[in-house]
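Colleague: Sequence first, then the predicted structure, then my questions.
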Amino acid sequence: MSTPWQQRFAQRTQRMTSSAIRELLKLTSLPDIISFAGGLPSPEVFPVEEVRAAVDRVLTQHGAAALQYSTTEGYPPLRDLLARHMARYGIEVGIENIIITTGSQSTLDLIGKVLINPGDRILTETPSYLGALQAFTMYGAEYVSVPVDDDGLVTGRLEQALRAGPKFMYILPNFQNPAGVTLSLQRRREVVDLADRYGVPIVEDDPYGQLRYEGQHLKPLVVLDAELHNEHRGGQYRGDVIYLSTFSKTLAPGLRLGWVVAPREVIQRLVMAKQGTDLHTSTFDQMVAFEVARGGFIDQHVRRIREVYGRHRDVMLQALERAFPREAGVRWTRPQGGLFLWLTLPDTLDASTLLEEAIREKVAFVPGVCFHPDGSGRNTMRLNFSNASEAMIEEGIARLGRVISAQGRRVRVARHEPVTATIP
Ligand SMILES: Cc1ncc(COP(=O)(O)O)c(C=O)c1O
């Protein structure tokens, strides 16, 4: 008799939905499709030769150790390197404040595992990172949302949301995924002050902080929090923020390497949770990343990535200007860094419907509704500008312009509105 699997799955799996991003990423492998869907780095910037040389050194000098099990906290020289990296960002932490993870996505899952009880409310930005919503939802999270505008999370709406008693706030201050917006310094201070006043901790997700193409670096929330409490001196961080970042965008996502900075008691819980998940992150990958990074290569590499992605961003912005004249009623964000920009269509249009048509025209994006826990944002979409080449960006945006324009005309005809412009 075959097992009736549907009756065996845990209740929490009923909250699992397949990721729209994953489904769409499958389409990127179709020939001649121009994908603005995934958050993939450009293949142009993968440091293949540096990784090859590092692999060789690791295997020659530490082969047996690299292939052995290791500690859950992570490879000490890599944690030490990250502690020094964080010090340049303005926060002095010891390696006991740092754990290496198998990428930030796994960090988000570990955070869910140690912090979320079923029914807990998590305060998120709207829109927010889909992968975090998926991870937290599995642990039974409910959401309290605060909108973002061009200066990031709208802090004027934060206090009211904090009164709902969230377990923690999940915030992406730099070049937010998906909206591409950046939290201003003034608002960063407000967030940290309100977190302190309401006793609500912050999970600060910062994969893109180093990928800034214009403007000044702004202090991360973890730094402002440490300054507020003056509690990072003497090499120990004891504040209200769990900070996470990743090597995915500065080195390579295939390595699956991320890290967390947090107060020691949080790190200890994460370590226990991680033991049950994967014992530890690949020893080999950690040693290779350390070997690549130890002489300062990442700084030099990040300068190149900024140059390439900064150009991609400019090309996409210019192509959007050409595709959507002002009267079209299409708006988009102007990100100062990161990988994404956010397009808002007239509210008569639905981006999910448009996607089917766009795919027929061989261009893809992620409908914005995926990033809204409350199902709103139907007239929005996320566009990635890191992965496609400059020529593909120009062609892809021109195709998107035609698809949106045709859909806008159809909607107006269906509503018997006069068709005055060629674009909605
Ligand atoms: C905001 C955010 N958090 C986490 C992740 C996951 O990163 P990683 O590749 O380190 O798992 C991403 C990936 O794009 C992201 O954009």
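Modeller: Structure received.

Colleague: How about the residues of this protein by the ligand?
Modeller: Within the chain, the positions near the ligand by CB under 6 Å from any ligand atom are 39, 103-105, 129, 131, 172, 177, 205, 207, 246, 248, 253, 258. (C-beta placed from N, C-alpha, C; glycine too.)

Colleague: any chance of these in a markdown table, with pLDDT and secondary structure too?
Modeller: Listed next are the residues of the chain next to the ligand as a markdown table, based on pLDDT from 0 to 100; DSSP: H, G, I helix; E, B strand; the rest coil:
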| residue | pLDDT | secondary structure |
| --- | --- | --- |
| 39 | 91 | coil |
| 103 | 98 | coil |
| 104 | 98 | helix |
| 105 | 98 | helix |
| 129 | 96 | coil |
| 131 | 93 | helix |
| 172 | 98 | coil |
| 177 | 97 | coil |
| 205 | 98 | strand |
| 207 | 98 | coil |
| 246 | 98 | strand |
| 248 | 97 | coil |
| 253 | 97 | helix |
| 258 | 98 | strand |
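
Colleague: all helices of the stretch 151-300 of the chain, in order?
Modeller: Counting by DSSP state H, counting those that start in this stretch, the stretch 151-300 of the chain has helices at residues 158-162, 185-198, 221-229, 264-278, 283-293, 297-323.

Colleague: Using a markdown table, please lay out the ones you listed together with mean neighbour count and mean pLDDT.
Modeller: Formatted as a markdown table, the helices of the stretch 151-300 of the chain follow (neighbours: other CB atoms under 10 Å; pLDDT from 0 to 100):
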| stretch | mean neighbour count | mean pLDDT |
| --- | --- | --- |
| helix 158-162 | 17 | 98 |
| helix 185-198 | 18 | 97 |
| helix 221-229 | 22 | 90 |
| helix 264-278 | 16 | 97 |
| helix 283-293 | 23 | 98 |
| helix 297-323 | 17 | 97 |
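
Colleague: Next, residue 146: phi, psi?
Modeller: phi -130, psi 130 (degrees, to the nearest 10).

Colleague: What count of nearby residues applies to it?
Modeller: Applying other CB atoms under 10 Å, we find 22 residues neighbouring residue 146.

Colleague: For the ligand, see how far away residue 309 is.
Modeller: From residue 309 across to the ligand, the span is 14 Å (CB to the nearest ligand atom, to the nearest Å).

Colleague: From what I see, residue 144 and residue 166 are in contact.
Modeller: Yes. Residue 144 is within contact range of residue 166, at 5.3 Å (criterion: CB atoms under 8 Å).

Colleague: quick one: common contacting residues for the two?
Modeller: Contact criterion CB atoms under 8 Å, 6 or more residues apart in numbering; residues shared by residue 144 and residue 166: 121, 122, 123.

Colleague: In helices, which of these fall?
Modeller: The helices, defined by DSSP state H, take in nothing from the shared contacts of residue 144 and residue 166.

Colleague: Pipe those into TSV and attach neighbour count and pLDDT per row.
Modeller: Shown next, in TSV, are the shared contacts of residue 144 and residue 166 (neighbours: other CB under 10 Å; pLDDT from 0 to 100):
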residue	neighbour count	pLDDT
121	16	98
122	26	98
123	25	98
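
Colleague: for those, which one is nearest the ligand?
Modeller: Comparing the shared contacts of residue 144 and residue 166 against the ligand with CB to the nearest ligand atom places residue 122 closest, at 14.5 Å.

Colleague: Look up which residues are beta-bridged to the closest one.
Modeller: Note on residue 122: beta-bridge partners by DSSP bridges are residue 143, residue 168.

Colleague: Could I get the contacting residues of it?
Modeller: Residue 122 touches 116, 136, 141, 142, 143, 144, 166, 167, 168, 169, 170, counting by CB under 8 Å, 6+ apart.

Colleague: sorry, back to before: can you put the helices of the stretch 151-300 of the chain in JSON lines and add distance to residue 77?
Modeller: Formatted as JSON lines, those follow (distance: least, CB to CB, whole Å):
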{"stretch": "helix 158-162", "distance to residue 77": "39"}
{"stretch": "helix 185-198", "distance to residue 77": "31"}
{"stretch": "helix 221-229", "distance to residue 77": "22"}
{"stretch": "helix 264-278", "distance to residue 77": "18"}
{"stretch": "helix 283-293", "distance to residue 77": "5"}
{"stretch": "helix 297-323", "distance to residue 77": "14"}
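
Colleague: do you know which of the ones you listed lies nearest residue 58?
Modeller: Evaluated with CB to CB, the helices of the stretch 151-300 of the chain place helix 283-293 nearest to residue 58, the distance being 4.8 Å.

Colleague: Now do that closest one: everything it contacts.
Modeller: 47, 50-51, 54-55, 57-58, 62, 65-70, 74-75, 77-78, 81, 100, 247, 251, 255-257, 298.

Colleague: can you check stretch 189-202 too?
Modeller: With CB under 8 Å, 6+ apart, stretch 189-202 has contacts from 123, 153, 155, 158-159, 162-163, 166-169, 171, 183, 221, 224-225, 228-229, 240-242.

Colleague: Dump that stretch to CSV, restricted to CA.
Modeller: Coordinates of each C-alpha in stretch 189-202 appear next as CSV, following Å, rounded to 0.1, in the frame of the first residue of the first chain:
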residue,chain,number,x,y,z
ARG,A,189,18.3,57.0,13.9
GLU,A,190,14.5,57.1,14.3
VAL,A,191,14.3,53.3,13.8
VAL,A,192,17.0,52.6,16.3
ASP,A,193,15.5,55.0,18.9
LEU,A,194,12.0,53.5,18.5
ALA,A,195,13.4,50.0,18.7
ASP,A,196,15.0,51.0,22.0
ARG,A,197,11.9,52.7,23.3
TYR,A,198,9.5,49.9,22.5
GLY,A,199,12.0,47.1,23.3
VAL,A,200,11.7,45.5,19.9
PRO,A,201,14.9,44.1,18.3
ILE,A,202,15.9,44.6,14.7
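
Colleague: Please enumerate the strands of the chain.
Modeller: Assigned by DSSP state E, the strands in the chain fall at 34-35, 98-101, 121-126, 142-149, 152-153, 168-171, 202-205, 241-246, 258-261, 331-332, 340-344, 363-364, 366-367, 380-384.

Colleague: could I get those strands as JSON lines with distance to residue 313?
Modeller: Formatted as JSON lines, those follow (distance: least, CB to CB, whole Å):
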{"stretch": "strand 34-35", "distance to residue 313": "16"}
{"stretch": "strand 98-101", "distance to residue 313": "28"}
{"stretch": "strand 121-126", "distance to residue 313": "21"}
{"stretch": "strand 142-149", "distance to residue 313": "19"}
{"stretch": "strand 152-153", "distance to residue 313": "18"}
{"stretch": "strand 168-171", "distance to residue 313": "23"}
{"stretch": "strand 202-205", "distance to residue 313": "21"}
{"stretch": "strand 241-246", "distance to residue 313": "20"}
{"stretch": "strand 258-261", "distance to residue 313": "24"}
{"stretch": "strand 331-332", "distance to residue 313": "11"}
{"stretch": "strand 340-344", "distance to residue 313": "7"}
{"stretch": "strand 363-364", "distance to residue 313": "18"}
{"stretch": "strand 366-367", "distance to residue 313": "17"}
{"stretch": "strand 380-384", "distance to residue 313": "10"}
